[in-house]
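A.B. asks: show me how the following folds:
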Amino acid sequence: MYRLRRKGNIQSLMTSDNHSTSAVSTPTLLSLSDPRADLWAVCVFCGSRLGHDPDWTAMANETGQAIAHRQWRLVYGAGRWGLMGTVAQAALESGAHVTGIIPDYLIKIEPVLPGLDHLEIVETMIERKVRMMDLSDAFLVLPGGIGTLEELFEVWTGLQTHAHAKPVVLANLKGYYDPLLHFITKATHEGFLTPSQQNRLVVTSSIHEALERLASFASAAAGVAER
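C.D. replies: Have a look, this model is predicted:
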């Protein structure tokens, strides 16, 4: 197993017995002098499994390719399996810069995708989400399980409590999240959410629509930066 260690501005890959190795390519940190540091970054949350419907894999591929073609950066959970690995692999193969963030203990059960441009190995799932939020400009949620749901609610709650002001887009592909959206509507009706809080979650029904909404947010952010 390899761990990313940082010593000041120097980092190296160390084996579990603390011997350095040059046989593995070292992921590079994105410095401020790197032109890609200015690229808009999208964090994608989705399943570490593929699911039963082959359309999920196709949509994940489309997402990764579109992120690259739009010259955005991808931030995700670093795994090689499931929809998350599919998104990242498609983004890498299409030329996107991809950052992966994963807790050390999770590597034992969820291998890291080879070829990542930037890999951060952290201690806890909480630290992982904090780093994802720090490094991203927006969040896109695709179909997934309880980990995906937890990440969705984490960033949506952060938006509600003004911990950040970054858009959260939920891609309700093939009605996958319909039961969740019914629950959110019920919570609003019962007075536990306000309509404004509900509306902060941007819901789309297709990958194309989700990407277009993200593109509008990216354009707005670029306009603000140019002022």
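
A.B. asks: report how many residues lie close to Lys174.
C.D. replies: 14 (other C-beta atoms under 10 Å). Every C-beta, even on glycine, is put in place using the N, C-alpha and C of the backbone.

A.B. asks: look up how far Ile67 lies from it.
C.D. replies: The gap separating Lys174 from Ile67 is 21 Å, by C-beta to C-beta, to the nearest Å.

A.B. asks: in three-state terms, label Val75 for me.
C.D. replies: strand (DSSP: H, G, I helix; E, B strand; the rest coil).

A.B. asks: which residues touch it?
C.D. replies: 41-44, 99, 101, 132, 135-136 (C-beta atoms under 8 Å, 6 or more residues apart in numbering).

A.B. asks: tabulate the residues you listed in CSV, adding columns for distance to Ala58 and neighbour count.
C.D. replies: Converted to CSV, these look like this (distance: C-beta to C-beta, whole Å; neighbours: other C-beta atoms under 10 Å):
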residue, distance to Ala58, neighbour count
Ala41, 24, 21
Val42, 19, 29
Cys43, 21, 26
Val44, 15, 29
Thr99, 24, 24
Ile101, 26, 23
Met132, 25, 23
Leu135, 27, 16
Ser136, 24, 22
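
A.B. asks: just the residues you listed now: which is nearest Gly144?
C.D. replies: Each of the contacts of Val75 was checked against Gly144 using C-beta to C-beta; the closest is Val44, at 9.9 Å.

A.B. asks: can you give me the strands in this structure?
C.D. replies: For the chain, the strands defined by DSSP state E cover 2-7, 10-15, 41-45, 73-76, 98-103, 118-122, 138-141, 168-171, 201-204.

A.B. asks: show me what the fifth one is packed up against.
C.D. replies: Which is strand 98-103. Applying 3 or more C-beta pairs under 8 Å, 6 or more residues apart in numbering; DSSP states H and E, one finds that strand 98-103 contacts strand 73-76, helix 82-93, strand 118-122, helix 125-135.

A.B. asks: if we go to 6 Å?
C.D. replies: Strand 98-103 sits against helix 82-93, strand 118-122, helix 125-135, with contacts defined as 3 or more C-beta pairs under 6 Å, 6 or more residues apart in numbering; DSSP states H and E.

A.B. asks: just checking: what are the partner strands of it?
C.D. replies: According to DSSP bridges, strand 98-103 forms sheet pairs with strand 73-76 (parallel), strand 118-122 (parallel).

A.B. asks: Pro54 is nearest to which of the strands of the chain?
C.D. replies: It's strand 168-171; of the strands of the chain, that one is closest to Pro54 (C-beta to C-beta) at 16.8 Å.

A.B. asks: quick one: the closest one to chain centroid distance?
C.D. replies: 11 Å (C-alpha atoms, centre = their mean, to the nearest Å).
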